[in-house]
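>>> Sharing a model prediction with you, sequence too.
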Amino acid sequence: MGLRASQNLFLAIALGFALLARAPLHAENSLPPAPAAPALVAIKRLDPSEAARLSIRELLEHSAVFSEAIYAAMPEEKNPRRRLFGIYLKVMRTEMAALATTADWNGKLRRIKAIELVPGSSTWFARRTLQALSRIASAYNFAASLGIYLNVKSIIVEKDPPEIASSLQNLDVAMGNLRTALNRVWPRFRFVNHAVFVRGIKALAGDVDAHYAFVIRRADANEEARLHASIRNVLAQIERLAPSLPRGNLALWQELKGNPDYATVKRALRNVELPDSSDIDGADGALEKVLAVQIGFELVDHLLANAETWMVQQ
Amino acid sequence: MNHRALGFLVSLCAVLPAAPFAVAAPKPLSALILVGNIPGEYVKAGKPKETHFGFVRIKDRLITHVEKIEGVSDLAKALAKFKNEPVIQLTRDSGKTFDVLYPGLINLHNHTEYNILPVWKLARGQFENRFEWRGWKNYTNSVSGNMNPWKGYGSAVSCASFRWSEIQAMTLGTIFLQGPSSCVTNFGIHRVEDADAFISNKKAVQAPTDTIVPEDMTFVWKVLGPLIRQGMTYEAALAQVLTEGVGEFKGCPGLRGVVTPETVNSEEVVKILGDQDALKEACAIVTEADEAKLPEKFVRYVYWHHKTIASRKRFIASPDYSAIITHLAEGSRTDPYNRVEFEILAMLGLLAPNFNLVHAVGVSPAGLEKMAKAGMGIVWSPFSNLLLYGETLDLAMVAKADADAKKKGKRLLVALGSDWTPTGTKSVLEELQLARAYVEREKLSDKFDDEALYRMVTENPARMIGHWEIDEEKGEHGVGRIAVGAMGSLIAVSQSTKNPYENLVRFGNDKTINLVVVDGQPVYGNLPYLERIGIQKDDGEVINRYYAGFESLQKDGLDVPPPFGSESGAVDDSEDKGVPAAGGATKADHMAKIASIAAGLELTERDDCGTEAPKVFVHQDSLADNNLEEFKAATGLDLDRYADIQKFLGLNLMTQSRNLAEGLTEFLVTYFPPILSCNDPEHRERVAKMVIANPKPGESDRNTSDRKERAEARRSAKLGSVVKKLADNYRTNP
């Protein structure tokens, strides 16, 4: 890659980030305010020759805008797939905002040389840029692969409406274009990111944590208390082990699976009854919580069981 | 000195240190005698529209005596047989006048966790149904935005909220309060849904917010509906679809011979349907093509909702059934979905005795007749209806349905419910006054006089929840009346007029509620009354004092951390290094920190009520029963104490909201509402101006002006899509 192209690329990315930057002030389980998303129909699928002509910045912007539009059009209620997509989108928005801030803080991006964008470079900005791109790509893979898993495995999660399903396919193509472009520039580009995996698994475990007390009820108060304690125990263990899991440390996964509470919790959360709710959100809210707990744990279990392969395959 | 002047004086002088109460709860009384005026209907040979001097004795939670006495001079003689038992003479002027005793009021509609919020300012009667405002962004910001994220910090926060609701209800005479609650065992008043609130052999009342879930009930409407309309029962229709299929779906081979109309609600069948692997296998759902053939919402309905419907049916059929309370047809009278919701309930076969509908505004006249025939009841929340939808029940229709039913020995009972404070009032007592103004304005006082309204907070709700009956042999000890064998939960109210119904309906308020007795134990009342049985000022807390200053805590420099999660936007770099995020703080840690700050707050107390005597909440001793001792030890906050509950909730509401974190200032609540309405002029005004019975020339009440501006309010809020979607999904000819 030539010097000039690299400079342009970095500048372009920085400008793109600046355009899309948002202040990242929000709770863990909610997305930061979104930029106004264009209507879903307005985003077109790029043909391969057009995609090949675009810069990484343009491809990234295209994917970001496309993602916002899809997210805005996804059915909001009782839709675990939207939750997964939200985890990805949050990473994308956050990384863009963070990089835009980096650029502003330094103010010297124009002078950065191409070599500094190559993996292994000691330049902090280069590392941060690559890290951001890696996180975005990884977060997308995280959401997409788990979305496919739900499609195949779960009958209780409803399918996406046709227009969303087809838009997701288009987004997949767009992300593929981005992946190709990144690979072209940096053949050793990493599409997996440890922080994203940890963040994703913690977000899903967080969904379980947020609602299990409402969802898991038993007629026998002692039985309920015991089960709640088991869930807390397992979630705490996941919180503790998650950062180390995808490092190929199978012993840790074995440790988790060896915890007798794990099997108990997995069994209890496989089929969860819809509890009565006298809260203002009523049955709608109850169902939302039940899905968050049941699907959240199923995905965590799937991720944990496949942590190592997940990291290798991406 | 008039009350207004007294209130001013008190508020100036009440800069007092926080009351350092640290004394245990007083010992429970073995018996209690209350001397006062008793409504005529509750005494032998009494005149119904008058009160009679007498006494009520309570022992072991139950009323043992209700007796009329000719005069004060005969009192000693009448009580001679109860030597050494504690007596409260309900007089504030040495026997010249006495308070009136009433059964503890019953409130069948609340959402108790939110009762710290003020009335929602943006609600102006513009909505068509509950799903419309629930989905409106401004609602989410106004309610959830002020409750999140701190509502989820941990159970102690919920405990505090539920306890706040109980105290709020209690100060206005409610003893049986419907609403979700936890950790209120042995604290204050009773939950309607708590079986232990009653001495009875019946199962606990069930009060799910919804029974019909519009998103998923299209299965019933569109798939089962055609079969049910042909005369099948719900059970037969569902069994047929499950085993024989419908359209492209050929039924579940694994359920043939297992599922029949007789077994489809059984626990065994429900277990299969509620297990996703078993369901997949039984229905041969292997490929996506198999899934595509399933009827609309098949899995969602069969897997999630049928379980609930079947469970309700088993409950209703059980010999110890009590009642169900659920929202239905909430919204405008003409909203198409509201009209349909009752039909879906009928399709499900849930028109059953004591199946009580909260709101029911959209139920048609024919539906009301069916309700009366089935023995169902209505929980009426006029303030909430008028605030959100600009209209409420068609009372003339309700009266007609009830009158027609009476001829056949049936009734269509109506009880009042306050709903939650963001859209409702603080209690059924306030709701009574609004209801009275409404029936007067609508010229319906002949059908709904003060007596009829009185019954909406006493007898009617007691009957509707299956706890009216008094039958020693059956082990039933009802509520909602003063009678031997009834539960000993009573209130005492200043007597302002001779007619007991008028006295409560027109003059009952937080200043005139002078005593609240739960199961024979005084929990709240005028200090002089409590002192008569040995309860001292230090045995409780003065409720009419409230803390001022929550609104300016941060401005005044209080160092309080921002809401949990508000700084967690960026992915922590440390995660890349395989170590946990810095700090490792949890919601529970954060909540404990806030609680500790609250415990140390020194705030100014105010009292603008100007009551003639301090009103005291008697210390409760319920921490151990509710696992709150550790919380107290760790934070210093005692959630048995009104002052500590107030500090904890006030600090959370004013400093921990998502709106504050995200700068959504237009949705921030502007104040932490005091528990008593007499200290809360904003609330008082909202309630008082909603309906004015006899407006002066040129005067208009809020409801009337809201209705005039309704169309424009809907246009400017861009409402309508939810209503249209529901109407499309539930067309009458699907």
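Right, received. Where do you want to start?

>>> Span of stretch B:413-430 from start to end?
Length of stretch B:413-430, first residue to last, C-alpha to C-alpha, to the nearest Å: 20 Å.

>>> The helix or strand encompassing residue B:617 pairs with which strands?
With elements taken from DSSP states H and E, the one containing residue B:617 is strand B:615-618. For strand B:615-618, the paired strands and their directions (DSSP bridges) are strand B:521-526 (antiparallel), strand B:540-542 (antiparallel).

>>> got a markdown table for those, with mean neighbour count too?
To be clear about C-beta, it is placed using only N, CA and C from the backbone, and glycine gets the same treatment. Written out in a markdown table, the entries for the strands paired with strand B:615-618 read as follows (neighbours: other C-beta atoms under 10 Å in any protein chain shown):
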| stretch | mean neighbour count |
| --- | --- |
| strand B:521-526 | 24 |
| strand B:540-542 | 24 |
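
>>> mind giving me CSV with the ones you listed and columns for mean pLDDT and distance to residue B:314?
What follows is those, written out as CSV (pLDDT from 0 to 100; distance: least, C-beta to C-beta, whole Å):
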stretch, mean pLDDT, distance to residue B:314
strand B:521-526, 98, 36
strand B:540-542, 96, 44
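
>>> Below-threshold pLDDT in the chain: ranges please.
Going with chain A. Judged against pLDDT under 70, the low-scoring parts of chain A cover residues A:1-43, A:99-126, A:245-250, A:308-314.

>>> looking at chain B here, not the other one
Judged against pLDDT under 70, the low-scoring parts of chain B cover residues B:1-23, B:566-585, B:733-734.

>>> what does the stretch 101-250 of chain A put close to chain B?
A:131, A:135, A:151, A:154-156, A:158-159, A:193-196, A:198-199, A:210, A:213, A:239-240, A:243-244, A:247 (C-beta under 8 Å from any C-beta of the partner chain).

>>> what's around residue A:53, how many residues?
Using other C-beta atoms under 10 Å in any protein chain shown, residue A:53 has 9 neighbouring residues.

>>> And for residue B:45?
Every residue meeting other C-beta under 10 Å relative to residue B:45 is counted, giving 7.

>>> For it, which non-adjacent residue is spatially closest?
Spatially, and ignoring its direct neighbours in sequence, residue B:45 is nearest to residue B:68 (7.7 Å; C-beta to C-beta, 6 or more residues apart in numbering or on different chains).

>>> these two touch, right, the one you found and residue B:56?
No. Residue B:68 is not in contact with residue B:56 according to C-beta atoms under 8 Å; the separation is 10.8 Å.

>>> same for the helix or strand harbouring residue B:36, what does it pack against?
Assessed by DSSP H and E, residue B:36 sits inside strand B:31-39. Helices and strands touching strand B:31-39, by 3 or more C-beta pairs under 8 Å, 6 or more residues apart in numbering or on different chains; DSSP states H and E, are strand B:51-59, strand B:62-68, helix B:75-79, strand B:87-89, strand B:100-103, strand B:490-493, helix B:500-507, strand B:513-518.

>>> Using JSON lines, lay out those together with mean neighbour count.
Conversion of these to JSON lines gives the following (neighbours: other C-beta under 10 Å):
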{"stretch": "strand B:51-59", "mean neighbour count": "22"}
{"stretch": "strand B:62-68", "mean neighbour count": "18"}
{"stretch": "helix B:75-79", "mean neighbour count": "14"}
{"stretch": "strand B:87-89", "mean neighbour count": "20"}
{"stretch": "strand B:100-103", "mean neighbour count": "26"}
{"stretch": "strand B:490-493", "mean neighbour count": "26"}
{"stretch": "helix B:500-507", "mean neighbour count": "22"}
{"stretch": "strand B:513-518", "mean neighbour count": "25"}
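
>>> for the chain, which helix is longest?
With no chain named, the answer covers chain A. Residue-count comparison of every helix in chain A, with assignments taken from DSSP state H, identifies helix A:124-153 as the longest.

>>> The intended chain is chain B.
When chain B is scanned for its longest helix (criterion: DSSP H), the result is helix B:155-171.

>>> which residues touch the nearest residue to residue B:684 once chain neighbours are set aside?
Distances taken as C-beta to C-beta, 6+ apart place residue B:677 nearest to residue B:684, at 5.2 Å, with adjacent residues excluded. For residue B:677, the contact set (C-beta atoms under 8 Å, 6 or more residues apart in numbering or on different chains) comprises B:172, B:426, B:430, B:509-510, B:683-684, B:687.

>>> what residues are shared contacts of residue B:68 and residue B:56?
residue B:38.

>>> ok, back up a step: would you list the phi and psi of the residue nearest to residue B:684?
According to degrees, to the nearest 10, the main-chain angles of residue B:677 amount to phi -60, psi -30.

>>> picking that back up, for residue B:38, see how far away the residue nearest to residue B:45 is.
Using C-beta to C-beta, to the nearest Å, residue B:68 is found at 7 Å from residue B:38.

>>> Repeat that for residue B:618.
With the distance defined as C-beta to C-beta, residue B:618 ends up 23 Å from residue B:38.

>>> now do residue B:600
Relative to residue B:38, and taking C-beta to C-beta, residue B:600 is found at 48 Å.

>>> Compare neighbour counts for these two and give me the winner.
residue B:38 (27 against 11).

>>> Beta-bridge partners for the closest residue to that one other than its chain neighbours, please?
For residue B:38, ignoring the flanking residues on the chain, the nearest one in space by C-beta to C-beta, 6+ apart is residue B:54 at 4.9 Å. Applying DSSP bridges to residue B:54 yields these beta-bridge partners: residue B:36, residue B:68.

>>> Next, the contact list for the closest residue to residue B:201 other than its chain neighbours, please.
Counting by C-beta to C-beta, 6+ apart, residue B:475 is the residue found nearest to residue B:201 once chain neighbours are left out, at 4.8 Å. With contacts taken as C-beta under 8 Å, 6+ apart, residue B:475 has the following neighbours: B:199-201.

>>> Quick check: of those residues, which lies closest to chain A?
Relative to chain A, the closest of the contacts of residue B:475 is residue B:201; by C-beta to the nearest C-beta it sits at 17.5 Å.

>>> give the contact list for that closest one.
Residue B:201 neighbours (C-beta under 8 Å, 6+ apart): B:320, B:474-476.

>>> Mind checking which of those residues are buried?
A residue is treated as buried here by neighbour count (16 or more other C-beta atoms under 10 Å in any protein chain shown); on that basis the buried members of these are residue B:476.

>>> gap between the residue nearest to residue B:45 and residue B:492?
Taken as C-beta to C-beta, the span from residue B:68 to residue B:492 is 17 Å.

>>> Give me the residue at the spatial middle of chain A.
Geometric centre of chain A, nearest residue: residue A:88, 3.0 Å, by C-alpha atoms, centre = their mean.

>>> on contacts alone, who are the packing partners of the host helix or strand of it?
According to DSSP H and E, residue A:88 maps onto helix A:80-106. With contacts defined as 3+ C-beta pairs under 8 Å, 6+ apart, the secondary structure elements packing on helix A:80-106 are helix A:3-20, helix A:56-73, helix A:124-153, helix A:194-215, helix A:282-305.

>>> Return the distance of the third one from the chain's centre.
This points to helix A:124-153. Counting by C-alpha atoms, centre = their mean, to the nearest Å, helix A:124-153 is centred 6 Å from the centre of its parent chain.

>>> elements contacting the helix or strand following it?
In the C-terminal direction, the helix or strand that comes right after helix A:124-153 (DSSP H and E) is helix A:162-185. Secondary structure elements in contact with helix A:162-185, counted by 3+ C-beta pairs under 8 Å, 6+ apart, are helix A:48-53, helix A:56-73, helix A:124-153.

>>> Please tabulate those in CSV, including the columns distance to residue B:61.
What follows is these, written out as CSV (distance: least, C-beta to C-beta, whole Å):
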stretch, distance to residue B:61
helix A:48-53, 77
helix A:56-73, 56
helix A:124-153, 53
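
>>> That concludes my questions; thank you for your assistance.
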